[in-house]
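Participant: Next comes the sequence, and after it the predicted model I'd like to discuss.
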Amino acid sequence: MLLARPVQNDHELHQILELQQLYLRGKTTNAEEKEQGFLTVIHDFDTLLQMHRLEPGVIVKDDETLAGYALVMTRGCGEMIPELLPMFDHFDHISYQNKPVNDYSFYVMGQICVAKPFRGQGIFDMLYEEHRNLYGNKYDFIVTEISTSNRRSLRAHERVGFKPVYQFRDEIDEWSVVLWDWS
């Protein structure tokens, strides 16, 4: 039975890292990445543990098998992953409903991934619904950036309720900043 819930222990953090390694950009063919999506940021255990201590991520498990995960990155996490600092810097310049994003209470979707054998079973939506259940009364919204070449992820986020608020290009890729308003 599939169950969405917060991460509970170090073993589950290690399971997240194992799943992450399977879907990092460059690990599969370009055709598969285009069809199935990909991950761009690599975490290590210590960083993941620090993130988890601030706000636990959410997982979906099928018994002991990790079906998917969705990580929480509070503003304090910006310093932990240097390649994400430009994203956090953009929040100083992005407005939402005529207010700077940084004037709201929000967190960043640190990464979301569903294992290939579990795709098409509603896991992605389960992960986000559990985020809303856990954090909807504490934060105004979730914000994240998605590579514009990751069409599957853009479509899935739109389906859940994310709306684009900003787009930019850096030396790596072109990015769409999307936001899911819970107010």
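Facilitator: Thanks, I have the structure now.
Participant: any idea which element residue 168 lies in?
Facilitator: strand 163-169 (DSSP states H and E).
Participant: neighbouring contacts of that strand?
Facilitator: 90, 94-96, 101, 143, 148, 174-181 (C-beta atoms under 8 Å, 6 or more residues apart in numbering). Backbone N, C-alpha and C define where each C-beta goes, glycine included.
Participant: so how far is stretch 64-74 from its chain's centroid?
Facilitator: 9 Å (C-alpha atoms, centre = their mean, to the nearest Å).
Participant: how about the CA coordinates for that stretch, as CSV?
Facilitator: What follows is stretch 64-74 as a C-alpha-only set of coordinates in CSV (Å, rounded to 0.1, in the frame of the first residue of the first chain):
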residue,chain,number,x,y,z
GLU,A,64,10.0,-0.7,2.4
THR,A,65,10.5,0.4,-1.2
LEU,A,66,10.8,4.2,-1.8
ALA,A,67,8.4,5.2,-4.6
GLY,A,68,9.2,8.9,-4.5
TYR,A,69,10.3,11.9,-2.5
ALA,A,70,9.9,15.6,-2.3
LEU,A,71,12.4,17.7,-0.3
VAL,A,72,11.9,20.9,1.6
MET,A,73,14.4,23.7,1.3
THR,A,74,13.7,26.5,3.7
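Participant: tell me which residues form a beta bridge with the residue most central in space within the chain?
Facilitator: Nearest residue to the geometric centre of the chain (C-alpha atoms, centre = their mean): residue 111, 2.8 Å. Note on residue 111: beta-bridge partners by DSSP bridges are residue 71.
Participant: quick one: the strands in the protein?
Facilitator: 2-6, 58-62, 65-73, 95-96, 99-100, 106-114, 141-147, 163-169, 174-181 (DSSP state E).
Participant: pretty sure the residue nearest to the centre of the chain is touching residue 41, no?
Facilitator: Yes. Residue 111 lies in contact with residue 41 (C-beta atoms under 8 Å); the separation is 6.1 Å.
Participant: so who does residue 59 touch?
Facilitator: 4-7, 12, 15-16, 66-70, 127.
Participant: Can you tell me which of those are buried?
Facilitator: 4, 7, 12, 15-16, 66-70, 127 (16 or more other C-beta atoms under 10 Å).
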